[in-house]
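Enquirer: the sequence and its predicted three-dimensional model are supplied below.
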Protein chains: 2
Amino acid sequence: MTERKYLIGVDIGGTNLRVALADMKGEILARTSSTTVGVRDAQLIVAKIRQCADRLLQDAGIPQEAVAAIGAGAPGVTNAETGVVIATSYLLGWRDVPLKAMLEEALSVSAAVDNDVNLAALGESFFGAAAGVPNFVFLAVGTGLGAGIVLQNQLFQGAAWTAGEVGYMLVPGVSQEPVELGEPGALENVIGGEGLRLQWLSLWNPRETKLPENLTATQIFDGAVAGDPLANSVLDRTAHALACAIFNMTLVLNTPLFVLGGSVGLHPALRDRTQKVVDGHARLLRPEIVLSSLGSDAQLMGAIRLAHLITQR
Amino acid sequence: MTERKYLIGVDIGGTNLRVALADMKGEILARTSSTTVGVRDAQLIVAKIRQCADRLLQDAGIPQEAVAAIGAGAPGVTNAETGVVIATSYLLGWRDVPLKAMLEEALSVSAAVDNDVNLAALGESFFGAAAGVPNFVFLAVGTGLGAGIVLQNQLFQGAAWTAGEVGYMLVPGVSQEPVELGEPGALENVIGGEGLRLQWLSLWNPRETKLPENLTATQIFDGAVAGDPLANSVLDRTAHALACAIFNMTLVLNTPLFVLGGSVGLHPALRDRTQKVVDGHARLLRPEIVLSSLGSDAQLMGAIRLAHLITQR
């Protein structure tokens, strides 16, 4: 009988699908990716995952029967117990997709699934910036904003599987207009990449900045570091809102560490200014803010870790 | 040998000490109280607890040896594992008081201690408004504001024993000036009884209200219900800030139920308006807000429950 000693990790994104083959220590042996643009059907995505996995195994000369488990992250609210993706954003548009069961059928191997931000937290917890820290929060600041919460070395997903949906948090300086389900949240509009792009567009004025009118969040932050006054005021507002969210979460959860990830969250200037604002408020507890050490691999590493966890049950 | 079949519950407050004798079902058989005004020394408080317990046992004709355990709530940050009260407010002024050990020595019986708001949550969880609800938050709105968090039927105290110190939460409409340790928090100043009294004093103007200049929080809320415009605007502001805090906590914790307790929190008008504001924001999750059913006995009932829990270890 073939020994089951390999893991497959999958990161399903709104535009990209990434699949990795790893050993039981979580070391990635090979990886591949595929586009999900225009592909919304869950059956098609699972077929793509199957293709990617087959290719990785074939190239490595590993038989399918040597795979112990597959872990996958989905960009939406996920019931990690049943393995059903309850809802994703419009990019995939999934509702109640039994992803775990579909993966198990397609790949004939045990599968586990969770929300992608939770998996990024799991990745940082085991392989990254939070290794050895039992209680922390991973904050994914990309287009939007989400939190993966780890308490006593375990993912805390909440009774409704939406713990950490902090993009809707109400802090000083955000709009208090109620938002519809699926729309970006109040805090997300200030901190998230898309919100930052729109803020810059609306604030842009050639008398106040020498930077161009169309900028990404990280370009705005780069401009702030280079001394641009308008970019600095945008970065300050972002850092202030993020600091309030982190401070509020510390009050509720007592987590001493916050790991920033995502394309916007990885900018060092955002971390530095946010830490400064948090330090101004913190008294009993002073949460430390660090950058993700896994970067864009956090979700994938978490998926591999999730696969490993089910082999230990 | 005498069967150990009675419990003692203790609620240590900044001005009052309450002690109850209960059977193993948590039914209170007798209770007594004593003042703590001017008594800051922990040894003196423990001696008072001993006196109260002796009197209750004597009056009921129960020998000391029949007591199975004692549970006590302290008004401050408490390490429930070691039983040390780390810090209380200025009323008692305790720092690192080994309350569990002191009670065990004075009463020759197993003791357990926790923060009083956590014990109120435990009381509501087992005997009160949250019975049968595995995940909820108890909000004590009295002079100040604090939260007791129950996750999966267990108290969640946080790694630093200060989870739920939400009086410092930063929500829209509160001051963003950093506060010193020991000072009331930003949210507390808007929602807490003392903050409300001061707000009323500063807003009071005979052209805008027919109510007197010196009012308690509940008197202001009564005035709002009776139609006073200034009292209504104060109640609205309070409900709005409380709703933001509840909404933010739901995002982080996914708790579907919030139980309001404390002298200010028990006012039905505050509950009703807060629920309305929360409903306006809630989308995926709609937390329900209910009044404590144990009222001012919540802490004491939690202390009895805590005593019961250690007999089951």
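Expert: Structure's in. What do you need?
Enquirer: hey, let's count contacts and neighbours off CA atoms from now on
Expert: Noted.
Enquirer: any idea how far residue A:75 lies from residue A:198?
Expert: According to CA to CA, to the nearest Å, residue A:75 stands 23 Å off from residue A:198.
Enquirer: which of those two has more neighbours?
Expert: It is residue A:75, of residue A:75 and residue A:198, that has more neighbours when counted by other CA atoms under 10 Å in any protein chain shown, with 21 against 17.
Enquirer: pLDDT wise, what is that one at?
Expert: You'll see residue A:75 listed with a pLDDT of 92.
Enquirer: who's in contact with it?
Expert: Residue A:75 makes contact with A:12-14, A:88-89, A:115-117, according to CA atoms under 8 Å, 6 or more residues apart in numbering or on different chains.
Enquirer: do that again at 6 Å, thanks
Expert: A:88, A:115-116 (CA atoms under 6 Å, 6 or more residues apart in numbering or on different chains).
Enquirer: and these as TSV, adding neighbour count?
Expert: What follows is these, written out as TSV (neighbours: other CA atoms under 10 Å in any protein chain shown):
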residue	neighbour count
A:88	20
A:115	28
A:116	28
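Enquirer: any idea which of the residues you listed the model trusts least?
Expert: residue A:88 (88).
Enquirer: gap between that residue and residue A:166?
Expert: Per CA to CA, residue A:88 is found 16 Å from residue A:166.
Enquirer: same check on residue A:5?
Expert: From residue A:5 to residue A:166 the distance is 37 Å (CA to CA).
Enquirer: which one of the two has more residues nearby?
Expert: For residue A:5 and residue A:166, the more surrounded residue by other CA under 10 Å is residue A:166, and the numbers stand at 26 against 16.
Enquirer: which residues does that one contact?
Expert: Going by CA under 6 Å, 6+ apart, the list of residues near residue A:166 reads A:146, B:251.
Enquirer: per-residue confidence for it?
Expert: Looking at residue A:166, the pLDDT reads 95.
Enquirer: can you tell me how far it is from residue B:252?
Expert: Where residue B:252 is concerned, residue A:166 sits at a distance of 7 Å (CA to CA).
Enquirer: what of residue A:103?
Expert: Taking CA to CA, one finds residue A:103 at 30 Å from residue B:252.
Enquirer: residue A:190 is in what secondary structure piece?
Expert: Per DSSP states H and E: residue A:190 is located in helix A:186-191.
Enquirer: hang on, I meant residue A:54
Expert: helix A:42-60.
Enquirer: next helix or strand past that helix?
Expert: Immediately after helix A:42-60, counting by DSSP H and E, sits strand A:67-74.
Enquirer: and the angle for that following strand with helix A:42-60?
Expert: Orientation check (axes from the mean of the first three to the mean of the last three CA atoms, to 10 degrees): strand A:67-74 against helix A:42-60 gives 140 degrees.
Enquirer: the next helix or strand after strand A:67-74 - contacts with which helices or strands?
Expert: Using DSSP H and E, the next helix or strand after strand A:67-74 towards the C-terminus is strand A:76-79. Where contact means 3 or more CA pairs under 6 Å, 6 or more residues apart in numbering or on different chains; DSSP states H and E, strand A:76-79 is packed against strand A:84-88, strand A:110-115.
Enquirer: on that earlier part again, what's the helix holding residue A:54 packed up against?
Expert: By 3+ CA pairs under 6 Å, 6+ apart, helix A:42-60 packs against no helix or strand.
Enquirer: for it, buried residues please.
Expert: Of all the residues in helix A:42-60, those buried under the rule 16 or more other CA atoms under 10 Å in any protein chain shown are A:42, A:45-46, A:48-50, A:52-54, A:56-57.
Enquirer: return the member of those nearest to chain B.
Expert: residue A:42 (22.7 Å; CA to the nearest CA).
Enquirer: closest to the centroid, which residue in chain A?
Expert: residue A:117 (3.3 Å; CA atoms, centre = their mean).
Enquirer: which of the helices or strands spans the closest residue in space to that residue that isn't next to it in sequence?
Expert: Spatial nearest neighbour of residue A:117, excluding adjacent residues (CA to CA, 6 or more residues apart in numbering or on different chains): residue A:148 at 5.4 Å. Assignment of secondary structure by DSSP H and E places residue A:148 within strand A:145-151.
Enquirer: before we move on, what about residue A:243?
Expert: Once you assign secondary structure using DSSP H and E, residue A:243 falls within helix A:229-253.
Enquirer: buried sites along stretch A:270-282?
Expert: A:270-271, A:273-275, A:277-279, A:281-282.
Enquirer: those residues also near chain B: which ones?
Expert: residue A:281 (CA under 6 Å from any CA of the partner chain).
Enquirer: of the buried residues of stretch A:270-282, closest to residue B:227?
Expert: Distance to residue B:227 across the buried residues of stretch A:270-282 (CA to CA) is lowest for residue A:281, with 38.1 Å.
Enquirer: need the pLDDT of that closest one.
Expert: What the model reports for residue A:281 is a pLDDT of 88.
Enquirer: check contacts around it.
Expert: residue B:178.
Enquirer: write out the residues of the stretch 51-200 of chain A neighbouring chain B.
Expert: A:158-159, A:163-166, A:169-172, A:178, A:181.
Enquirer: drop anything exposed from the residues you listed.
Expert: A:158-159, A:163-166, A:169-172, A:178.
Enquirer: what's the farthest-apart pair in those?
Expert: Largest separation among those by CA to CA: A:159 and A:172, giving 27.5 Å.
Enquirer: wait, residue A:33 sits on residue A:18?
Expert: Yes: with contact defined as CA atoms under 6 Å, residue A:33 counts as touching residue A:18 (4.3 Å).
Enquirer: which one's more surrounded, those two?
Expert: residue A:18 (21 against 16).
Enquirer: separation between the more buried one and residue B:3?
Expert: Relative to residue B:3, and taking CA to CA, residue A:18 is found at 64 Å.
Enquirer: ditto for residue A:173
Expert: For residue A:173, the distance to residue B:3 - CA to CA - is 61 Å.
Enquirer: now swap in residue A:158 and tell me
Expert: In terms of CA to CA, residue A:158 sits 42 Å off from residue B:3.
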